[in-house]
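In: Whatever this is, show me its structure:
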Amino acid sequence: MRKLAFLMVLALALVLVGLSLPAQQASTTNFLIVPPESFPDGLGRRGGTVTIDNIDNPRTFNPIVEQENSSNAVTALLNAPLIEADGSPAVAQAYELSADERSITLVLREGLKFSDGVPVTAEDVVFTFNEVLFNPEVQSNKASWRVAGRFPKVEALDEQTIRITMPAAVPGLLSLIASVPILPRHLLAEAVAAGEFNRAWGVDTPPEKIAGLGPFRLKSYTPGQQVVLERNPFYWKADPNGTQLPYLDRIVLPIVSDDNVRLLRFINGQTDIYPPRAEDLPLIRARASEGFRVLVSPAGTVDINAFAFNQDAADPNLRRLFREVRFRQAMAYAADREAMISTNLNGLGEPRYGPGIDPTYWIGDQPDFPSYPFDLGKAAALLDELGLKDTDGDGVREFPPGYPNPGVPVQFNILTVQGSSVLTSDALIYSADLGKIGLKAAVTPVNFNTLVDRLIGSRPPDYQVARISLGGGGDPSFLREIYSSQGELHFWKFSDALGEELPDWQREVDRLLEEQAIALDMNKRFELLSQFQVLVAENQPLIFLYNAQGLEAYREDRVGNFSGTTLSVTLVRSELLFRRA
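Out: Model prediction:
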């Protein structure tokens, strides 16, 4: 086993970050002064607009229930958590962990206001956790917060102080807190009381009825055209000179679903930022003298590119087949990852055979880790073991006796995202190889939001197979949303949550994920997560493909302090961006 390297920082004393503005810029807010080293291009100037295309219409402006990139591109800029992902203070100017690491006390920044100008109090925090996040009727990441079957106790000690007490000590507590945007009780309490929170802040909500603590607020949304965000005049960060952030007046997100169209718009100067495909790099780099710049980062271990086979498929033959581990292993052997990486990523990627996880815990590079290099012979042999044979000589295998409908051909449909050349090409490569071993797989591109609806918007999900891409990150406890039988993103077999036909390996995954969530000994946690990764790789609930190198393109002659994007479109550190010209 490779050596575990980690750094665990416990804030056992009060952490104070944030200074008041100079007298000439007096404000009731205790601003967090962003340190100079956070500005890659130096301090900016106020004003201007930055434009980046969104991949589809947002489906909601509700940051708790949103589950797709097109919505997150907006909600991530409208909201903010108590602390940052690295554990540094944010909306909370200070926090203190108890000696037993079971509770944390947080102090809100003085003078804090939502983007509609209404003051923030501890009651807004209590409302966010107790009445929204832990509400059984609300669609949220509840599984990540449940410890030993219980939610934490969240209470207000006074108007600015909150205490969160966990049922047990949790090593990922800071990451959990950093994942929760603080919501305005005055705007959402009525929806919660009426049982309507999941539909609150829909895309038809007037902008003035939506407020958050992020650097921007919603200005307008025109379906099929664009989202416009304007600077939040009550934002709580400032640069070292005392200039209140964000620098930009506006961020515009036109809705453009086609990769090729987004590329042309970027090249033609209609947008300022574009997360490119590998095939786009030569064209963009050729324009370097005009201000176009490309950033490339190594392939990580967190994101998930995979094929999902719906084990709750409506077709009874497919439902039974997809639940066969030997079939899923055959499908893993049939994935030509190297061809996908070569064809669609220009070689800028690495094969993956197991779940994405923080690099601190990742073991997918170990020689004995379960792997499925491309081998149609092994895939065909596993299909033979399952009794799937081409009995009539037409090149397509049939279901054997014992299946609900024996004798019919083994065929299914692969959904992919319309306009995404990479996802569609992956599906076409896969379909062609499956045809070589007697499986008939059609590829159907659909609208991005349609794919999301069919994967997670219905019970059971309305798909057979889908080429998906999931962003990751944060503490490993968030993996419970995907791999726990109760997870909100367990879209390959939502029926696991009902306890029906729950296989032994899934029960063990549930146990491992629960135990690692309260393992303070980092070596023990590493061992539990190692076992988890091996189990998932052996059983292939998703057919894991590869991790791509991170690619970013932007106009450095127009945009300063660009720090990248997440989920292909969500801007990172948007408050630091400034317009050069």
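In: Just the endpoints, please. Distance across stretch 434-442?
Out: 10 Å (Cα to Cα, to the nearest Å).
In: buried residues in it?
Out: 434, 437, 438, 439, 440, 441 (16 or more other Cβ atoms under 10 Å). Just so you know, the C-beta spots here come from the backbone N, C-alpha and C atoms, and that holds for glycine as well.
In: what's the closest of these to residue 261?
Out: residue 441 (27.7 Å; Cβ to Cβ).
In: circling back: could you export the buried residues of stretch 434-442 to a markdown table, including columns for distance to residue 264 and secondary structure?
Out: Shown next, in a markdown table, are the buried residues of stretch 434-442 (distance: Cβ to Cβ, whole Å; DSSP: H, G, I helix; E, B strand; the rest coil):
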| residue | distance to residue 264 | secondary structure |
| --- | --- | --- |
| 434 | 33 | helix |
| 437 | 39 | coil |
| 438 | 41 | coil |
| 439 | 37 | coil |
| 440 | 35 | strand |
| 441 | 31 | strand |
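In: show me the biggest helix of the chain in terms of residues.
Out: helix 522-539 (DSSP state H).
In: Just the residues contacting it, thanks.
Out: 1, 4, 6, 8, 171, 325, 328, 353-355, 357, 360-364, 369-371, 476, 479, 483, 503, 505, 508-509, 512-513, 515-516, 519, 544 (Cβ atoms under 8 Å, 6 or more residues apart in numbering).
In: Among those, which ones are in helices?
Out: Judged by DSSP H, helices contain the following of the contacts of helix 522-539: 325, 328, 483, 505, 508, 509, 512, 513, 515, 516.
In: Can you give me the neighbour number for the second one?
Out: So the one you mean is residue 328. Residue 328 has 23 neighbours, counted by other Cβ atoms under 10 Å.
In: isn't it right up against residue 503?
Out: No. Proximity of residue 328 to residue 503 does not meet the contact threshold set by Cβ atoms under 8 Å, at 11.6 Å.
In: Where do the domain boundaries of this structure fall?
Out: For the chain, the structural domains run 1-30+80-201, 39-77+214-295+553-581, 304-473+541-548, going by automatic domain parsing.
In: Pull out the buried members of the contacts of helix 522-539.
Out: Buried among those by 16+ other Cβ under 10 Å: 171, 328, 353-355, 357, 361-364, 369-371, 476, 479, 483, 509, 512-513, 516, 519, 544.
In: which ones among those residues are found in strands?
Out: residue 544 (DSSP state E).
In: nearest residue to residue 189 other than its sequence neighbours?
Out: Spatial nearest neighbour of residue 189, excluding adjacent residues (Cβ to Cβ, 6 or more residues apart in numbering): residue 127 at 6.6 Å.
In: Could you confirm that neighbour falls within a helix?
Out: Yes. Using DSSP: H, G, I helix; E, B strand; the rest coil, the assignment for residue 127 is a helix.
In: measure it to residue 154 for me?
Out: Counting by Cβ to Cβ, to the nearest Å, the separation of residue 127 from residue 154 is 9 Å.
In: Same check on residue 83?
Out: Counting by Cβ to Cβ, the gap from residue 83 to residue 154 is 14 Å.
In: Which one's more surrounded, the two?
Out: Comparing residue 83 with residue 154 by other Cβ under 10 Å, the one with more neighbours is residue 83, at 25 against 20.
In: who's in contact with that one?
Out: Contacts of residue 83 (Cβ under 8 Å, 6+ apart): 89, 90, 91, 92, 95, 106, 174, 177, 178.
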